[in-house]
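Visitor: got a sequence here, can you build the structure:
(2 chains)
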There are 2 protein chains.
Amino acid sequence: MRIIHSVKEMQEFSNEAKNAGKKINFVPTMGYLHQGHLTLMKEAGKNCDILVVSIFVNPLQFGVGEDYEEYPRDLTRDVQLAESVKVDIIFAPTVKDMYPSGYATFVNAETITEVMCGASRPGHFKGVTTVVNKLFNIVQPKEAYFGQKDAQQVTVIERMAADLNMPIEIVRVPIVREEDGLAMSSRNVYLSTEARKQAVVLNRSLIKAKDLIMAGERNKEKIYQLIQETINSAPLAEIDYIEIRDGLNLQSQEETLTGQVLIALAVRFGKTRLIDNIEVEVPVNV
Amino acid sequence: MRIIHSVKEMQEFSNEAKNAGKKINFVPTMGYLHQGHLTLMKEAGKNCDILVVSIFVNPLQFGVGEDYEEYPRDLTRDVQLAESVKVDIIFAPTVKDMYPSGYATFVNAETITEVMCGASRPGHFKGVTTVVNKLFNIVQPKEAYFGQKDAQQVTVIERMAADLNMPIEIVRVPIVREEDGLAMSSRNVYLSTEARKQAVVLNRSLIKAKDLIMAGERNKEKIYQLIQETINSAPLAEIDYIEIRDGLNLQSQEETLTGQVLIALAVRFGKTRLIDNIEVEVPVNV
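Guide: Numbering: from 1, shown residues only, chains lettered A, B, ... in the order given. Sure, this is the predicted structure:
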């Protein structure tokens, strides 16, 4: 496995690999890898000649007062983990190389970035689409892999890639969970022992909601209330949002649910904000 | 020469050409080709296997009340002219194929787009960078050619390509002029006979300004006044802007000119807005 820090060197490597007819697949990450990332890497590695993983804590997607400085970092450990799943290249650029003095260009997918996490974190998705656009141009992959855990993020990136005609396929990989159902996240390390126990309410409330829909309930408000009650049963949990939306375009669902529904949550435990989601294909009533 | 209308077909063509090791060069245009465009095409064609020219009047870069609907179009004539300079592919997509329903993603270079033409035409450069970004991803050229006539435009596109790490070289080609010095433009056809005669003041004022600098004048205000007087000598001319800026980053020059100076003009003749510019390397006083 090779570690590349320079943007220029990475791009030259990719140019040469592509000229030699090699297929590159790509997993962008902010590092502090966990089983969820490794699952993405294993999937991405199945069907390519060269597997590139980027590790870059992107300042542009953190707002004022968010956890950019404190975001956990451990490149040595990340390199070992990536090697264990047969990554070929770790691309770990510096902030200065990614955003040199005079940097001025931003990519933004409008509308779908103004709801959910976009409403809680203004500017967040503009930072995400900008860095992912840059990484795609540097690494030039055929396929790029993203976790379904950040459901809105992957929808926004699909939107950007399609709108800008990027010659890249976006692949979604299902959420990887701890044994008790908590979605894996680099931020889970911030949780106190008690918060960690209670954090299982995110997944639990989503499963309950899905079960209720599959049992015939179609009323959005009822589903919402069930989720709210379940989360509020955890004393440390503070709801940021509960969203019940169309899974394809993230528009609000009508009062009566139909089609592909995305239920997405953001819940705070102290300073730590966790997200989770579930997709439900609403059965057609016969 | 082949004419491609479909975005998908164009991108597949480019994918295959690149896989076969071919070098693609590219000239994006809004059509209604004149000698200036043909010069770009001849330059671009010198050093590639496949020369692609796009013809697309991009609605996104026209503001409300601007001349999108009236912008001159003549694909039959454009095809003949392109064929005469050995273009391989004309890519002429439809608006619907470029901006399908639900389109939401925009690319914007900030700061340098807020001055000069960006101040006169809010949103214009956001439309330019967005469409050029899309065209680059569709056509996937090694080099893309732009005319120095739109000096700010090519600076903005260089900024975007560098910031987003696009693996594409931007090449500037000098302004092509009519015999009397008027910069070639598709919009020149709008001019009345009398306005056409007077329009020569743009180029004339720029040459006078350059001569004055080369003769030793360094005071920005004096240069400005000379240009203003020269343009105002044409009764039909109405000044939109006279800008004396740093040629590299488009920042304002100090009162005493130094380094690479870009003098750029926008002047209206009735409804028709013409632009022109000159670059002057200020001699170092010994």
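
Visitor: how's chain A carved up into domains?
Guide: Chain A breaks down by automatic domain parsing into domains covering A:2-173, A:186-281.

Visitor: anything in the shortest one near chain B?
Guide: Yes - counting by Cβ under 8 Å from any Cβ of the partner chain, contacts between domain A:186-281 and chain B involve A:Asn249. Heads up, the C-betas are built off the backbone N, CA and C, glycines and all.

Visitor: give the closest residue to A:Ala234 in space, chain neighbours not counted.
Guide: Of all residues not flanking A:Ala234 in the chain, A:Gln198 sits nearest, at 3.8 Å (Cβ to Cβ, 6 or more residues apart in numbering or on different chains).

Visitor: show me the contacts for that neighbour.
Guide: Residues near A:Gln198 by Cβ atoms under 8 Å, 6 or more residues apart in numbering or on different chains: A:234-237, A:269.

Visitor: chain B versus that one, what's the distance?
Guide: A:Gln198 is 37 Å from chain B, where distance means Cβ to the nearest Cβ, to the nearest Å.

Visitor: for A:Pro72, same thing?
Guide: A:Pro72 is 27 Å from chain B, by Cβ to the nearest Cβ.

Visitor: the residue nearest to that residue when sequence neighbours are not counted: what secondary structure?
Guide: Using Cβ to Cβ, 6+ apart and skipping the chain neighbours, the partner closest in space to A:Pro72 is A:Tyr32 (4.3 Å). Of the three states, A:Tyr32 takes coil according to DSSP: H, G, I helix; E, B strand; the rest coil.

Visitor: residues touching A:Tyr32, list them.
Guide: Contact analysis of A:Tyr32 by Cβ under 8 Å, 6+ apart lists A:71-74, A:78, A:186, A:189.

Visitor: which parts of the stretch 1-150 of chain A are helices?
Guide: Assigned by DSSP state H, counting those that start in this stretch, the stretch 1-150 of chain A shows helices spanning A:7-19, A:35-45, A:75-84, A:95-98, A:117-120, A:124-139.

Visitor: reformat the ones you listed as a markdown table; add mean pLDDT and distance to B:Thr113.
Guide: As requested, the helices of the stretch 1-150 of chain A are exported to a markdown table (pLDDT from 0 to 100; distance: least, Cβ to Cβ, whole Å):
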| stretch | mean pLDDT | distance to B:Thr113 |
| --- | --- | --- |
| helix A:7-19 | 96 | 24 |
| helix A:35-45 | 96 | 36 |
| helix A:75-84 | 97 | 37 |
| helix A:95-98 | 98 | 21 |
| helix A:117-120 | 88 | 24 |
| helix A:124-139 | 98 | 16 |
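
Visitor: okay if I get these as CSV plus mean neighbour count and distance to B:Val131?
Guide: Putting the helices of the stretch 1-150 of chain A into CSV (neighbours: other Cβ atoms under 10 Å in any protein chain shown; distance: least, Cβ to Cβ, whole Å) gives the following:
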stretch, mean neighbour count, distance to B:Val131
helix A:7-19, 17, 24
helix A:35-45, 20, 31
helix A:75-84, 15, 38
helix A:95-98, 14, 25
helix A:117-120, 18, 25
helix A:124-139, 24, 15
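
Visitor: and those helices as CSV, adding distance to chain B?
Guide: Formatted as CSV, the helices of the stretch 1-150 of chain A follow (distance: least, Cβ to the nearest Cβ, whole Å):
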stretch, distance to chain B
helix A:7-19, 6
helix A:35-45, 20
helix A:75-84, 22
helix A:95-98, 9
helix A:117-120, 12
helix A:124-139, 4
